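[1] Quick one: sequence and predicted model below, then my questions.
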Amino acid sequence: MVVLEIYRNTSIGRALTDTLGEMVSSGKLDPARPPGPPASMCAALENKVTSRFLFKGNLRTYRYCDSVWTFNLRDVTFRNGDISEDIGKVKIVACDSNLLKPKVPLQQ
């Protein structure tokens, strides 16, 4: 799961790791539970979220390495219906979702 290391080394990834550690220490989370979002949350995101965000900006750089795309944009505008938000800099990191699925060994 090398791909996941990209996210763990970001500020939000470190904050999530710290928060989960505190929740385990305080007894709010079971340490035996596997990491990752609950299956019900994944199913809800996949089946019930229907809104779309559109964004437009200036592409400064892009890179593809080890099945991971990285896009750096400037002067980006995000739109969702009537709501619009201007952001100075945005970095988008996208990976092949097949890399996140557990590999099932072939049975002989």
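    Noted; the coordinates are in hand.

[2] Scan this protein for its longest helix.
    helix 11-25 (DSSP state H).

[3] now for it, which elements pack on it?
    Judged by 3 or more C-beta pairs under 8 Å, 6 or more residues apart in numbering; DSSP states H and E, the packing partners of helix 11-25 are helix 2-8. For glycine as for every other residue, the C-beta is placed from the backbone atoms N, C-alpha and C.

[4] average pLDDT for the helix it packs on?
    Average pLDDT, helix 2-8: 58.

[5] circling back to that earlier point, follow the chain on from the longest helix of the chain and name the next helix or strand.
    Later in the chain than helix 11-25, the nearest helix or strand by DSSP states H and E is helix 39-48.

[6] Count residues in the vicinity of Arg63, would you?
    Residues lying near Arg63 (other C-beta atoms under 10 Å) number 10.

[7] circling back to that earlier point, what residues of the longest helix of the chain count as buried?
    For helix 11-25, the buried set under the neighbour-count rule, 16 or more other C-beta atoms under 10 Å, is empty.

[8] How about stretch 33-51?
    Buried-residue list, stretch 33-51, by 16+ other C-beta under 10 Å: empty.

[9] distance between that stretch and the chain's centre?
    How far stretch 33-51 lies from its chain's middle: 12 Å, per C-alpha atoms, centre = their mean, to the nearest Å.

[10] Regarding that stretch, how distant is the last residue from the first?
    One end of stretch 33-51 sits 31 Å from the other (C-alpha to C-alpha, to the nearest Å).

[11] Report the mean confidence score over whichever helix or strand Thr61 is part of.
    In the assignment (DSSP H and E), Thr61 maps to strand 54-65. Here strand 54-65 scores 92 as its mean pLDDT.

[12] Could you do stretch 69-81 as well?
    According to the model, stretch 69-81 has a mean pLDDT of 92.

[13] what does it contact?
    Identification of contacts with stretch 69-81 by C-beta atoms under 8 Å, 6 or more residues apart in numbering yields 51-64, 84-95.

[14] Tell me the buried residues in that stretch?
    For stretch 69-81, burial by neighbour count (16+ other C-beta under 10 Å) applies to Phe71, Leu73, Val76.
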